[in-house]
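Visitor: no sequence on hand, only this structure:
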Ligand code: ADP
């Protein structure tokens, strides 16, 4: 059973590709963004309020909260194919993921980096924001937050690439291709 991590900036298509892996290749998708949104749907709790505020500004939610959520899921699904979408987002999370997998005697098979032209991504984000209907917008779907999330990606998440490079499990793919072309590259890597 495969365990893979998808790495890439917001809006690069990680979620779309994860869903394809779920539909066609029998994967479980563990998206920390989705898991955290279910925490904030109970935003009356102190934790819910704190998480909501951080997500709205595009900052990372504290590691202990995210790691705790994901470690439980890893234990629950350890015998399945898992695609990690949006996790890890910094080095501490990458190390925590490794040790939680190690605890159940498994290893990460691949980390797949979506390479993206940041200028085009920013244009895409601005277009997406202006075209999305108010009622369909996610709480963090505004240009200011999304642009901040790109900065957070560059400063916190990109350093993970060399961590996975040292382990010999990084694969870089061109994230600017059509959805089916990106998917074809991913399936080549994991099969
Ligand atoms: P997208 O799929 O559009 O890249 P996500 O749904 O993964 O976005 O994430 C939305 C927000 O949730 C992030 O901006 C951040 O505030 C929070 N978040 C998601 N995953 C993590 C994580 N691993 N660590 C910290 N915060 C996270």
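Guide: Everything's here; your move. Everything numeric here is computed off the predicted structure, so don't read it as measured data.

Visitor: tell me the contacts of the most centrally placed residue in the chain?
Guide: Nearest residue to the geometric centre of the chain (CA atoms, centre = their mean): residue 86, 1.3 Å. Counting by CB atoms under 8 Å, 6 or more residues apart in numbering, residue 86 makes contact with 14, 31, 32, 33. All C-beta spots, glycine's among them, are computed from the backbone N, C-alpha and C.

Visitor: nearest residue to the first one in space, please, no chain neighbours.
Guide: Excluding its sequence neighbours, the residue lying closest to residue 14 (CB to CB, 6 or more residues apart in numbering) is residue 6, at 4.4 Å.

Visitor: what pLDDT does that neighbour get?
Guide: What the model reports for residue 6 is a pLDDT of 98.

Visitor: now do the one 10 residues further on
Guide: Predicted confidence (pLDDT) for residue 16: 96.

Visitor: count the neighbours of the closest residue to it other than its chain neighbours for me.
Guide: Once flanking residues are discounted, residue 16 sits nearest to residue 179: 5.9 Å by CB to CB, 6+ apart. By other CB atoms under 10 Å, 11 other residues sit near residue 179.

Visitor: check residue 41 too.
Guide: The burial count for residue 41: 10, using other CB under 10 Å.

Visitor: where does the closest residue to it other than its chain neighbours sit, in terms of helix or strand?
Guide: In space, and not counting its chain neighbours, residue 41 is closest to residue 48: 7.6 Å by CB to CB, 6+ apart. Here residue 48, judged by DSSP states H and E, is contained in helix 46-57.

Visitor: can that helix be found next to the ligand?
Guide: Yes. Counting by CB under 6 Å from any ligand atom, the ligand has neighbours in helix 46-57: 54, 55.
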